[in-house]
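Quick one: sequence and predicted model below, then my questions.
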Amino acid sequence: MERSQWGTRAGFILAAVGSAIGLGNIWRFPYVAYDNGGGAFIVPYLIALFTAGIPILIMEFTMGHKYRGSAPLTFSRIHKKSEAVGWFQVFVSFGISTYYAVIIGWALAYSFYAFNLSWGDDTGGFLMGEYLKAGDVGAVGSFVPSVLIPLLVVWAVVLAFLFKGVKKGIEVANRIFIPTLVVLFLIIVIRAVTLPGAGDGLDALFTPDWSQLGNAKVWTAAYTQIFFSLSICFAIMITYSSYLPKKSDITNNAFITGLGNSGFELLAGIGVFSAIGFIAYATESAVGNYAADGVGLAFAVFPQIINEMPFLNGVFGFLFFASLVLAGITSLISICETFIAAFQEKFNITRGKAVAVGGGLSALISLIYATEGGVHFLTAVDRYVLTVGVGLGGLIQVLVLAWALRKVKDFKEHADGLSQIKLGSWWTICLTVITPVLLGYMIVQQLIDDFT
Ligand code: PHE
């Protein structure tokens, strides 16, 4: 069977950017930057982007383009024995998909709550009551209806696009959602920076604490953020680039994707911290009291910000949560495509069957998080994915490709043959030395932290 292809170059770039821009950009980056040196974080962040992020992105685009398969197939075409590396990444992506969907489901519910501020004054209490109603740790309990329906809607939309295929489904979704997201988000950021107190928030985010640059934790945070945010080492970019037409400028595409994602991330930092500056101002308290990330930021602090805003606050709230939904859905589509493509090729089944079985299974598992005790699983899986999935997945990939199979030179010739931008020794050194050493160090450090 003829392999599916993207309709246009822009379609591929939008899909890659759509995968990269996700919840990680909006609710993770701003806090990570704030917590790890503020303005000074830019230094390790940019170093991580140019020594690991973009180089690995170029490598993954090259692999997909050259070997034209889902991650396991691509790895097995490079070397029979490395197929397992692809499956490991697919497995991690599957794990992410099961809880990522639930968070998008919450955001969908909240985008409707925003109109009449249904969360009331005690936003934290509302969140605990409606969503985090955890009984005994690990107890599953009954379903929380307010999450269940939006979760099913998210799955219906995601699986429908996946079912339609690469060009008519994934590409179309990204062509609609990503430009819409950018417009919505610009409106949010403009509104946020014009709120009173915004300047204090931005000061808190950007004031550099240079002493932090000597801290290993800050560097680990920068690399983790780049890997997660760029969706690299999760089988995603390999899968997406396997649908590229023969003549594609891989290197250029990788730069556009990497810089586009970081640009959005910076914008999110500005928007989120302006809004945090405002709530601190409105409640006459310190910015630090509201700085948070993840579930707490999006579903407890933001509703509070929306409550306090002067006019059209319901609309602002809707736009904020709708942005989370759009950013999340395009990432979820990409995560699911990794295992759908892998199942399709491994078991030689149609896309429809792979979507039904793979997507259906993930959707089914995601229901666990929509129960009263579900949030405990969510936090545990998220932490595991971030430490083991990101660090180990990345380390195995570079060690196998750069050292065990010595593929870097091959890949470089392939990418250079397609682009005006030639990959210098910068690329080789990053992949063979800098990234493996840093990732290895990161994992050891993490283990030491966990066990001491
Ligand atoms: N890159 C996406 C984000 O920033 C999420 C993601 C991570 C997607 C890992 C796939 C794999 O939220």
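Arrived safely, thanks for sending. For clarity, every value in this text was computed on a predicted model and none was experimentally measured.

wait, residue 415 sits on residue 62?
Yes - Residue 415 lies in contact with residue 62 (CB atoms under 8 Å); the separation is 4.8 Å. Backbone N, C-alpha and C define where each C-beta goes, glycine included.

Spell out which residues are contacts of both of those two.
residue 250 (CB atoms under 8 Å, 6 or more residues apart in numbering).

Alongside the ligand, which residues does the chain contribute?
With CB under 6 Å from any ligand atom as the criterion, the chain comes near the ligand at residues 19-20, 22-25, 93, 96, 228-229, 231, 234, 236, 331, 335.

Show me the helices in the stretch 351-452 of the chain, by range?
All helices of the stretch 351-452 of the chain, identified by DSSP state H, counting those that start in this stretch, fall at 351-354, 360-366, 374-384, 393-398, 408-416, 425-429, 435-451.

Buried residues, the helix or strand bottoming out on mean pLDDT in the chain. List them.
Within the chain, no helix or strand scores below helix 374-384, which has a mean of 74 by mean pLDDT, DSSP states H and E. Residues of helix 374-384 classed as buried under the neighbour-count rule (16 or more other CB atoms under 10 Å) are 374, 375, 376, 377, 378, 379, 381, 382.

Output it as CSV, nothing but the C-alphas.
C-alpha atoms of helix 374-384 as CSV (Å, rounded to 0.1, in the frame of the first residue of the first chain):
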residue,chain,number,x,y,z
GLY,A,374,-8.2,9.1,39.6
VAL,A,375,-6.0,12.1,40.3
HIS,A,376,-3.5,10.0,42.3
PHE,A,377,-2.9,7.9,39.2
LEU,A,378,-2.6,11.0,37.1
THR,A,379,0.1,12.5,39.3
ALA,A,380,2.0,9.2,39.7
VAL,A,381,2.0,8.5,35.9
ASP,A,382,2.9,12.0,35.0
ARG,A,383,5.9,12.0,37.3
TYR,A,384,7.1,8.7,36.1
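
still on that earlier bit, could the helices of the stretch 351-452 of the chain go into CSV alongside distance to residue 211?
Below are those laid out as CSV (distance: least, CB to CB, whole Å):
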stretch, distance to residue 211
helix 351-354, 51
helix 360-366, 42
helix 374-384, 27
helix 393-398, 28
helix 408-416, 36
helix 425-429, 28
helix 435-451, 19
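
which of these sits most buried?
helix 393-398 (a mean of 24; mean count of other CB atoms under 10 Å).

how far is that one from where the chain is centred?
18 Å (CA atoms, centre = their mean, to the nearest Å).

what's the answer for stretch 228-239, then?
Relative to its parent chain, stretch 228-239 has a centroid offset of 9 Å by CA atoms, centre = their mean.

try stretch 285-299
That offset, for stretch 285-299, works out to 20 Å (CA atoms, centre = their mean).

what about residue 426, distance to the ligand?
Taking CB to the nearest ligand atom, to the nearest Å as the measure, residue 426 falls 24 Å from the ligand.

for that residue, what are its contacts?
So, once contact is read as CB under 8 Å, 6+ apart, residue 426 ends up touching residue 55.

for residue 119, same thing?
Residue 119 neighbours (CB under 8 Å, 6+ apart): 110, 113, 126, 127, 303, 307.

same thing but 6 Å
By CB atoms under 6 Å, 6 or more residues apart in numbering, residue 119 lies in contact with 113, 126, 303.

now those residues as CSV including distance to residue 296, pLDDT and secondary structure?
Output for the contacts of residue 119, formatted as CSV (distance: CB to CB, whole Å; pLDDT from 0 to 100; DSSP: H, G, I helix; E, B strand; the rest coil):
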residue, distance to residue 296, pLDDT, secondary structure
113, 17, 97, helix
126, 13, 91, helix
303, 11, 97, helix
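
Looking at the residues you listed, which is nearest the ligand?
Ranked by distance to the ligand (CB to the nearest ligand atom), the contacts of residue 119 are led by residue 303 at 20.9 Å.

Relative to the centre of the chain, find the outermost residue for me.
residue 284 (33.6 Å; CA atoms, centre = their mean).

can you pull out the strands in the chain?
Under the criterion DSSP state E, the chain contains no strands.

Where is the longest helix in it?
Across the chain, the longest stretch assigned as helix under DSSP state H is helix 313-347.

Show me where the protein dips below the pLDDT cut-off.
Scanning the chain with the threshold set as pLDDT under 70 gives 1, 133-141, 373, 387.

Tell me how many other residues crowd the closest residue to residue 41 other than its chain neighbours.
Spatial nearest neighbour of residue 41, chain neighbours left out: residue 33 (4.5 Å); criterion: CB to CB, 6 or more residues apart in numbering. Using other CB atoms under 10 Å, residue 33 has 25 neighbouring residues.

Touching, residue 33 and residue 40? I think so.
No - judged on CB atoms under 6 Å, residue 33 makes no contact with residue 40 at a distance of 9.4 Å.

that older thread, could I get the contacts of residue 119 as CSV with neighbour count and distance to residue 435?
Shown next, in CSV, are the contacts of residue 119 (neighbours: other CB atoms under 10 Å; distance: CB to CB, whole Å):
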residue, neighbour count, distance to residue 435
113, 21, 43
126, 18, 43
303, 26, 40
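
quick check, nearest of these to residue 255?
residue 303 (37.6 Å; CB to CB).

Residue 152: neighbour count?
16.

swap that for residue 36, sorry
Residue 36: 22 surrounding residues under other CB under 10 Å.

distance of the residue nearest to residue 41 from the ligand?
From residue 33 to the ligand the distance is 14 Å (CB to the nearest ligand atom).

Give me the spatial nearest neighbour of residue 229, chain neighbours excluded.
What sits nearest to residue 229 in space, not counting adjacent residues and going by CB to CB, 6+ apart, is residue 24, at 4.7 Å.

Isn't the one you found up against residue 227?
No - if you go by CB under 6 Å, residue 24 and residue 227 don't touch, sitting 9.8 Å apart.
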